[in-house]
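> sequence and predicted model, in that order:
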Amino acid sequence: MSSDARLTELGDFLKTRRAELSPRAVGLPDGAGTRRVPGLRREEVAQLASISTDYYTRLEQGRLSAPGGVLDALAQALRLDDDQRDYLFGLAGRASARPRRRARQKVQPQLRRLLDDLSATPAIVMGRRMDVIAWNSLAAALVTDFGRIPEKHRNYLRLLFVDSAMRSLYADWETVARTCVAQLRMEAVKYPDDPRLTALVGELSVRDPDFRTWWAAHHVATLGVGTKILHHPVAGELALDWDTLTASTDPDQQLIIWTAEVGTPTHDGLRILASWAADQHLSTTPVD
């Protein structure tokens, strides 16, 4: 989109948002007589944003852009939500400085159904900052009983560092942990103002010198594919291939699956583990 087209779109966007608001919704009197335009008048938006009517008119006409402070004032005046605010700043060629208020993640229904159908395949759904937001019973048997972990601590990276059973599960724990730290680095770039991510990094930096060193190294990685060797107390040694599938309905949710080729000892080990998990009645929902 050219700069002129962006300015035109910026003006149209302001105009349509203005038309959707009533004076009462923003704390202004309705005024006498019939309104000739739907929603707020230009002068009312200008008043709410503490700018001149002429300046605001030129913005709607696509004749100029605006600095961040004016955009912020307009976003508040027009009661824009986070997505609308980001769009406004993007049209003006500005970076949105205010951190987004992100709602608690819930697993997509399609992924939940898929998890429930994967009775012979361990799988989890990982959300922002590597939080584990859903899992099936075989994943609980393979890794840990996620349902008994408080939600605020149900984070894969955190478990790798603070849970001794998780440390002993992986044959090459250091490589797995280093990779996860690098993956969290990518999350930090995507969500630099996420308070929970900041708290997680702070906690692990204090608790674990390895995390502190690896975090300071600034290595980065993305979730992809690979093979991990696990020493499982029930199923024995497992050489599992893992893959990552991203939900099209929410790119912040990724399905992680562990599989093994049919006929291998690992495939047989997963069948043993599935039988054991059925007897344990492991929950796929949190108990907290």
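Right, received. Where do you want to start? Numbers count the residues shown, from 1 in each chain.

> quick one, phi psi at residue 254?
Phi and psi for residue 254, reported as degrees, to the nearest 10, are phi -130, psi 130.

> so which residue is smack in the middle of this protein?
residue 128 (3.4 Å; C-alpha atoms, centre = their mean).

> show residues contacting stretch 48-59.
Applying C-beta atoms under 8 Å, 6 or more residues apart in numbering, the external contacts of stretch 48-59 come out as 10-11, 14, 26, 28, 42-43, 45-46, 64-66, 70, 73-74, 76-77. Just so you know, the C-beta spots here come from the backbone N, C-alpha and C atoms, and that holds for glycine as well.

> select only the buried ones of those residues in PyMOL?
Buried members of the contacts of stretch 48-59, defined by 16 or more other C-beta atoms under 10 Å, are picked up in PyMOL with:
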select buried, resi 10+11+14+26+42+45+46+65+66+70+73+74+77
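
> immediately after the worst-scoring helix or strand of the chain on mean pLDDT, which helix or strand?
Lowest mean confidence among the helices and strands of the chain (mean pLDDT, DSSP states H and E): helix 82-91, at a mean of 84. The helix or strand immediately downstream of helix 82-91 is helix 109-117, counting by DSSP states H and E.

> could you point out the helix or strand that follows that following helix?
Later in the chain than helix 109-117, the nearest helix or strand by DSSP H and E is strand 123-126.

> could you say what helices and strands that following strand packs with?
Applying 3 or more C-beta pairs under 8 Å, 6 or more residues apart in numbering; DSSP states H and E, one finds that strand 123-126 contacts helix 109-117, strand 132-135, helix 137-142, strand 254-259.

> partner strands of that strand and their direction?
strand 132-135 (antiparallel), strand 254-259 (antiparallel) (DSSP bridges).

> winner for burial among these?
Stretch with highest mean neighbour count among the strands paired with strand 123-126: strand 132-135 (a mean of 24; mean count of other C-beta atoms under 10 Å).

> quick check: phi and psi on residue 222?
phi -120, psi 160.

> now the strands paired with strand 123-126 as CSV including mean pLDDT and distance to residue 160?
Below are the strands paired with strand 123-126 laid out as CSV (pLDDT from 0 to 100; distance: least, C-beta to C-beta, whole Å):
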stretch, mean pLDDT, distance to residue 160
strand 132-135, 95, 12
strand 254-259, 95, 14
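
> restricted to helices, list the contacts of stretch 48-59.
Assigned to helices by DSSP state H, the following of the contacts of stretch 48-59 qualify: 10-11, 14, 42-43, 45-46, 70, 73-74, 76-77.

> specify which member of those residues is nearest to residue 245.
Nearest to residue 245, judged by C-beta to C-beta, of these is residue 10 at 36.9 Å.

> got a list of what that closest one touches?
Contacts for residue 10 (C-beta under 8 Å, 6+ apart) come out as 59, 62, 65, 88, 91-92.

> of those, closest to residue 113?
Nearest to residue 113 among those: residue 88, at 36.8 Å, using C-beta to C-beta.

> ok, that closest one to residue 50 distance?
In this structure, residue 88 and residue 50 are 17 Å apart, going by C-beta to C-beta, to the nearest Å.

> for residue 204, which non-adjacent residue is closest in space?
residue 211 (4.3 Å; C-beta to C-beta, 6 or more residues apart in numbering).

> how many other residues sit next to that neighbour?
Residue 211 has 25 neighbours, counted by other C-beta atoms under 10 Å.
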